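Asks: Sequence and computational prediction follow.
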Amino acid sequence: MIPIYICEDDESFLGLLKNMTLKIIAEELDGEAEIMCAVSKPADIIALTEEDKRPALYFLDVDLGIDVMDGIELGRNIRIINPGAYIVMITAHADKAFLTYKYKIGAKGYILKEQIEKVETSLREQIVNAYEVLSKNQIEEQKIIIFRNNGNVLSRYANQIYYIEAVATTQRKLRIYGKNEILEANAMLHEIKEQLDESFYQCKKSYLVNMNHIKEISKTRTVIMSNGVEIPISIQRYRDFVKHFIRFNKTKQPEN
């Protein structure tokens, strides 16, 4: 299921986009996408994106009013929170569409309001293209790890894990930190690491962190996770860790 977000300050055009999108979802995608919200306020889009970081399609109006951030700034914020976002800009002026590339938010294209007779065609093309790209990304992110816990065999989606910590008091005990749970596993860190891909990276001998859930890397050699937890980075691993984080986020962005 592909999430779709729409941010447009013109209420009548917002309604038009929403109705057209629902029609296209039914005709082209067999219902395999849903509109998460269609709003005029950028803050609403940001709040929902922070809660749900699945690869998603965003339609953003370039001009969102005097008192709020514009669509380009909104796109930059979305890109930080959700590097896998598929962004399409909406504008009343063709020349403004080029600003999306100037500000490097990785927008895939734009829809012109002034060409009302072509809006549905452009919208259909962007939704179908986004579905192909994002469906592939979602499949890749559905990797499962399997581990033992006191004789029980458990499994979890890797992308739902924030970080994994090796417990110092024992050789074969890990704590796995998810969004709403903390699990213990009878394993060594390198054994779990073998099941994971490049989205997990070791910042310290006793920690594996999920790149998808990093909010910030501070100058004090600390990883700040999206849930607010701070994890130290060893001096020896700091430079390689930062390089990997930058490289990982570049690969998450859809190609221009």
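Replies: Received the coordinates, thanks.

Asks: Next one: residue 234 from residue 222, what distance?
Replies: 11 Å (C-beta to C-beta, to the nearest Å). Using the backbone N, CA and C atoms, a C-beta is placed for each residue, glycine as well.

Asks: Assign the nearest residue to residue 93 once chain neighbours are set aside to helix, strand or coil.
Replies: Distance criterion C-beta to C-beta, 6 or more residues apart in numbering; nearest residue to residue 93, sequence neighbours excluded, is residue 114 at 7.3 Å. Under the three-state scheme (DSSP: H, G, I helix; E, B strand; the rest coil), residue 114 adopts coil.

Asks: Kindly report the same for the one 10 residues further on.
Replies: Of the three states, residue 124 takes helix according to three-state DSSP.

Asks: Repeat that for residue 202.
Replies: What three-state DSSP gives for residue 202 is strand.

Asks: contacting residues for it?
Replies: 189, 193, 208, 209, 237 (C-beta atoms under 8 Å, 6 or more residues apart in numbering).

Asks: of all the residues you listed, which comes closest to residue 6?
Replies: Among the contacts of residue 202, residue 209 lies closest to residue 6 (C-beta to C-beta), at 32.7 Å.

Asks: tell me which element the closest one is part of?
Replies: If you go by DSSP states H and E, residue 209 is part of strand 207-210.

Asks: how much distance is there from that strand to the middle of the chain?
Replies: Centroid separation for strand 207-210 versus its chain: 18 Å, with C-alpha atoms, centre = their mean, to the nearest Å.

Asks: Same check on stretch 147-159?
Replies: On the basis of C-alpha atoms, centre = their mean, stretch 147-159 sits 25 Å off its chain's mean C-alpha point.

Asks: What's the mean pLDDT across that stretch?
Replies: Per-region confidence: stretch 147-159 scores 82 on mean pLDDT.

Asks: related to what we said a few turns ago, which of the contacts of residue 202 tops the neighbour count?
Replies: Top of the contacts of residue 202 by neighbour number is residue 209, holding 26 neighbours under the definition other C-beta atoms under 10 Å.

Asks: quick check, distance from stretch 38-53 to the centre of its chain.
Replies: Centre-to-centre, stretch 38-53 and its host chain are 12 Å apart (C-alpha atoms, centre = their mean).

Asks: quick one: the helices in the stretch 51-200 of the chain?
Replies: Ranges of helices in the stretch 51-200 of the chain, per DSSP state H, counting those that start in this stretch, are 71-81, 94-97, 99-102, 119-140, 189-193.

Asks: in the first one, what's buried?
Replies: For helix 71-81, the buried set under the neighbour-count rule, 16 or more other C-beta atoms under 10 Å, comprises 71, 72, 74, 75, 77, 78, 79.

Asks: Could I get the pLDDT score of the fourth one?
Replies: Residue 75 carries a pLDDT score of 90 in this model.

Asks: any weak-confidence spans in the stretch 1-150 of the chain?
Replies: Applying pLDDT under 70 to the stretch 1-150 of the chain flags residues 66, 94-104, 137-142.

Asks: Report the contact partners of the residue positioned nearest the centre of the chain.
Replies: Closest to where the C-alpha atoms of the chain average out (C-alpha atoms, centre = their mean) is residue 82, at 2.6 Å. Residues near residue 82 by C-beta under 8 Å, 6+ apart: 49, 53, 55, 56.
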